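S.K.: generate coordinates for the sequence data below:
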Amino acid sequence: MTKDKYVISKTKRYPYYILMFAILIWFVAMEIFGTNERMIDMAADSLIYSGSFTWQKPDGSTESVDVPGHYSIPAGETMILTTTLPDDYNAHVIAFRSSLQDVKCYIDGELQTEYSTKDTRLCGKNSASRYIFCDTSSADAGKELRIELTTYTHRYSGVINPVYCGDRAGIWVHLFEQHGLETVIAFFILFSGIISVLFSIALGLVYKSKFDIEYLGWCMIMGATWMLGESS
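M.R.: Now for the predicted structure:
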């Protein structure tokens, strides 16, 4: 590549650098001077389910367990947790995170919600992690809540994540407050990656040349997708 062509090539990249710099300045300015939209004060303690859980073992014995917690059980064995909802219970939902686990929730012996991808996933043994919401009401006060957790991955066998109860929107706000920074960064990287790819393709069409910045954009998109999955 000659010196003249190199100079022209650098000139073609200036619009991209200007755009990325403008995005960075906008992001920093909004973080410093923008209105705080997360002023809702939702104490975590008010959302954590305060009842005690009992582990019903396959041999018929029971054991009181701490939630959250991690207990030693063989992969593939279903862990059954039960608790009696308080007499003054009036929450709209019970929520918790599935860590690569198939989940079933029963209230008073009746199946309320179920999560499993065994009939839809193309590969793998376990369902993807996600938050499970079981609808409840004051009519469920004093009834037994039963949660069944099944995983075929030894690392997550016996994992019990925090159990929340309350309003669905309030729980989501609390979860966002916990993972909001990672989510915001992930969306920023995703947006920057998409802009990089589109801008590189557009410049390539105009100047009939290939810009390596497109590969960086695709890497940013893949990294942002991974971060979004982890932040939930």
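
S.K.: excluding chain neighbours, what is closest to residue 58?
M.R.: residue 77 (7.0 Å; C-beta to C-beta, 6 or more residues apart in numbering). Yep, even glycine has a C-beta here, placed from its N, CA and C like the rest.

S.K.: pLDDT value on the one you found, please?
M.R.: On the pLDDT scale, residue 77 is placed at 89.

S.K.: how close does it get to residue 104?
M.R.: Distance, residue 77 to residue 104, using C-beta to C-beta, to the nearest Å: 14 Å.

S.K.: among these two, which residue is more densely surrounded?
M.R.: A count of neighbours by other C-beta atoms under 10 Å puts residue 104 above the other of residue 77 and residue 104, at 19 against 15.

S.K.: show me what the nearest residue to that one once chain neighbours are set aside is bridged to.
M.R.: Among residues not flanking residue 104 along the chain, residue 148 sits closest, at 4.3 Å (C-beta to C-beta, 6+ apart). As for beta bridges, residue 148 partners with residue 80, residue 104 under DSSP bridges.

S.K.: wait, what's in contact with residue 148?
M.R.: 78-81, 103-106 (C-beta atoms under 8 Å, 6 or more residues apart in numbering).

S.K.: export those to CSV and append columns for distance to residue 32.
M.R.: Formatted as CSV, these follow (distance: C-beta to C-beta, whole Å):
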residue, distance to residue 32
78, 50
79, 47
80, 50
81, 45
103, 42
104, 47
105, 44
106, 49
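
S.K.: out of those, which comes closest to residue 182?
M.R.: Using C-beta to C-beta, residue 103 comes nearest to residue 182 of the contacts of residue 148, at 23.9 Å.

S.K.: mind checking pLDDT for that closest one?
M.R.: Residue 103 carries a pLDDT value of 91.

S.K.: one step back: quick check: the residue nearest to residue 104 vs residue 80, distance?
M.R.: For residue 148 relative to residue 80 (C-beta to C-beta), the value is 5 Å.

S.K.: and what of residue 222?
M.R.: 39 Å.

S.K.: shaky segments in the protein?
M.R.: Scanning the chain for pLDDT under 70 picks out 1-13, 16-17, 31, 34-45, 122-124, 179-180, 229-232.

S.K.: strands of that one, start to end?
M.R.: For the chain, the strands defined by DSSP state E occupy 53-56, 62-65, 69-70, 79-84, 93-98, 102-107, 110-115, 130-135, 144-150, 159-160, 164-166.

S.K.: list the buried residues in the fourth one.
M.R.: Read that as strand 79-84. Neighbour counts over strand 79-84 (16 or more other C-beta atoms under 10 Å) mark 79-83 as buried.

S.K.: excluding its backbone neighbours, what's nearest residue 176?
M.R.: Closest residue to residue 176 apart from its sequence neighbours, by C-beta to C-beta, 6+ apart: residue 183 at 7.0 Å.

S.K.: state the distance from that neighbour to residue 167.
M.R.: Distance from residue 183 to residue 167, by C-beta to C-beta: 21 Å.

S.K.: returning to what we had before: out of the contacts of residue 148, which is nearest to residue 154?
M.R.: residue 79 (13.2 Å).

S.K.: coming back round to it: who's in contact with the residue nearest to residue 58?
M.R.: With contact taken as C-beta under 8 Å, 6+ apart, residue 77 is in contact with 58, 150, 157.

S.K.: how many neighbours does residue 109 have?
M.R.: Residue 109 has 8 nearby residues by other C-beta under 10 Å.

S.K.: next, it: phi, psi?
M.R.: Dihedral angles of residue 109 (phi, psi; degrees, to the nearest 10) stand at phi 80, psi 0.
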